[in-house]
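Here's my sequence, what's the structure:
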Amino acid sequence: MAKLTIIYGVIFIVMGLYGYFGISSESITALIPTFFGIPMLILGWLGLNEKYLKHAMHGAAVLMLLGFAGTVSGLIKFFAMLGGAETARPAAVTVQTIMAVLCLVFIALAVKSFIDVRRKKAE
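This next block holds a predicted model:
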């Protein structure tokens, strides 16, 4: 799970930098995925050490829960946009949607991993 966290961190950093430099450098908010990616990268790196694995992965799961909570509105706007509604910044809505989906997938994988670890310890 630690390696996956590092991969997620890199993906979020690249996504934020692309959003800022590639799509719209008008607003610092385009870097929000990068602000989530850097701690994910650090938590993943810490998780490579067995001593810190449990706490680092729980921290990463909480961070992704916060990320999902902050981007779920973009997900709702994306489905409205698919239905034909006009949005002010469609590129921003798309990036928010990607981040929301990635956060949700990470949370699901983390919960599954936590359950698997508990079952393994119980055996």
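
For residue 85, give me its contacts.
residue 77 (CB atoms under 8 Å, 6 or more residues apart in numbering). In this view, the C-beta of every residue, glycine as well, is placed from N, C-alpha and C.

so what pLDDT did it get?
If you check residue 85, the pLDDT there is 80.

quick one: secondary structure of residue 86?
The three-state label given to residue 86 by DSSP: H, G, I helix; E, B strand; the rest coil is coil.

Could you list the low-pLDDT ranges of this protein?
By pLDDT under 70, the low-scoring segments of the chain are 24-25.

For residue 44, see how far away the residue positioned nearest the centre of the chain is.
The C-alpha lying nearest the average C-alpha coordinate of the chain belongs to residue 103 (CA atoms, centre = their mean; 3.9 Å). According to CB to CB, to the nearest Å, residue 103 and residue 44 sit 15 Å apart.
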